[in-house]
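In: Take a look and give me a structure for this.
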Amino acid sequence: MRQIVLDTETTGLEPEQGHRIIEIGAIELIHRKPTGERFHTYINPERDIDDGALEVHGIRREFLDDKPTFADICEAFVEFVRGAELIIHNAPFDRSFLDDEFSRLPGVDFRLEELCRIEDSLDLARRRHPGQRNNLDALCRRYGVDNKHRTLHGALLDAEILADVYLAMTGGQTGMFANPHGQEAQAFAGEEAFPPLPADRPRLKVIRASPEELAAHEAMLERLGDRCVWTRIRPNQ
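Out: Okay, the predicted model is just below:
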């Protein structure tokens, strides 16, 4: 299973207003393990950056003047993500910008969802934690992912943090990426949280239902009728 955890930074909030992508960061996971393969580039947007966006990521126009355009990096980006499952936090935002960048290129007539599957980790977080804050900082606090080194948004750094958060949300595995000081992010759950049981641990006693209890159970299922999900999904006996 190949997954790509992806984030972008932009000049503003609306591609319809001419805003562009200025940074892409993407991390490759194979069977939920980082491979070390990543895609990271800054992009010359050929336009100014809104003050509000600058406050978020701190990337200035002058820094981007000598960087490649999206047209320059498009082929390498498509090759990196093609066929993978993309994990994106608030996927409609990043997808709309990437689709807009594709639409600007002559001879390009595809959209991101035609290249790969897309999983919105924000939707996933909202389903698991309804009524709570589910931005990346809130999820880091909830799952014990270390993001103290994150003072500004950055596409590659946010992709690494999101990978830890996503793995924690979907299986309890986190702490994949080191912070700038070389210390591993604190594990919230996973293998370290559940050490192997001691070899001399007594076997658990199994208490099976009696014939009377089984009959009472079946009678209850009969009374529930079509409302009983178990009756519909259990294998025929």
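In: which element is the residue nearest to Ala209 when sequence neighbours are not counted on?
Out: Using CB to CB, 6 or more residues apart in numbering and skipping residues adjacent in sequence, the residue nearest Ala209 is His217, 7.1 Å away. All C-beta spots, glycine's among them, are computed from the backbone N, C-alpha and C. Using DSSP states H and E, His217 falls within helix 211-224.
In: quick check: mean pLDDT across stretch 43-60?
Out: When pLDDT is averaged along stretch 43-60, the result is 94.
In: now do stretch 12-26
Out: On average, the pLDDT along stretch 12-26 is 96.
In: In it, which residues have enough neighbours to count as buried?
Out: Buried residues in stretch 12-26, counted by 16 or more other CB atoms under 10 Å: 12, 15, 19-26.
In: ok, now stretch 139-152?
Out: By 16+ other CB under 10 Å, the buried positions in stretch 139-152 come out as 139-140, 142-147, 150.
In: which among the buried residues of stretch 12-26 gets closest to Arg38?
Out: Proximity of these to Arg38 (CB to CB) peaks at Ala26, which lies at 6.2 Å.
In: Contacts only, for that closest one.
Out: Shown in contact with Ala26 (CB atoms under 8 Å, 6 or more residues apart in numbering): 4-7, 38-40, 80-81, 159.
In: most remote residue from the protein's center?
Out: The centre of the chain is farthest from one residue, Glu212, which by CA atoms, centre = their mean lies 48.7 Å away.
In: so how far is Leu64 from that one?
Out: According to CB to CB, to the nearest Å, Glu212 stands 75 Å off from Leu64.
In: quick revisit: wait, which of the buried residues of stretch 139-152 is closest to His57?
Out: Nearest to His57, judged by CB to CB, of the buried residues of stretch 139-152 is Arg150 at 11.3 Å.
In: Select the longest helix from this protein.
Out: Longest helix in the chain by number of residues (criterion: DSSP state H): helix 155-171.
In: So for that helix, mean pLDDT?
Out: pLDDT averaged over helix 155-171 gives 94.
In: Just put the contacts of Ala26 in JSON lines and tack on neighbour count, secondary structure and distance to Leu115.
Out: Listed next are the contacts of Ala26 as JSON lines, based on neighbours: other CB atoms under 10 Å; DSSP: H, G, I helix; E, B strand; the rest coil; distance: CB to CB, whole Å:
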{"residue": "Ile4", "neighbour count": "23", "secondary structure": "strand", "distance to Leu115": "10"}
{"residue": "Val5", "neighbour count": "30", "secondary structure": "strand", "distance to Leu115": "16"}
{"residue": "Leu6", "neighbour count": "30", "secondary structure": "strand", "distance to Leu115": "12"}
{"residue": "Asp7", "neighbour count": "27", "secondary structure": "strand", "distance to Leu115": "17"}
{"residue": "Arg38", "neighbour count": "16", "secondary structure": "strand", "distance to Leu115": "18"}
{"residue": "Phe39", "neighbour count": "20", "secondary structure": "strand", "distance to Leu115": "13"}
{"residue": "His40", "neighbour count": "14", "secondary structure": "strand", "distance to Leu115": "18"}
{"residue": "Phe80", "neighbour count": "17", "secondary structure": "helix", "distance to Leu115": "10"}
{"residue": "Val81", "neighbour count": "20", "secondary structure": "helix", "distance to Leu115": "6"}
{"residue": "Ala159", "neighbour count": "25", "secondary structure": "helix", "distance to Leu115": "17"}
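In: Good, we can wrap up now.
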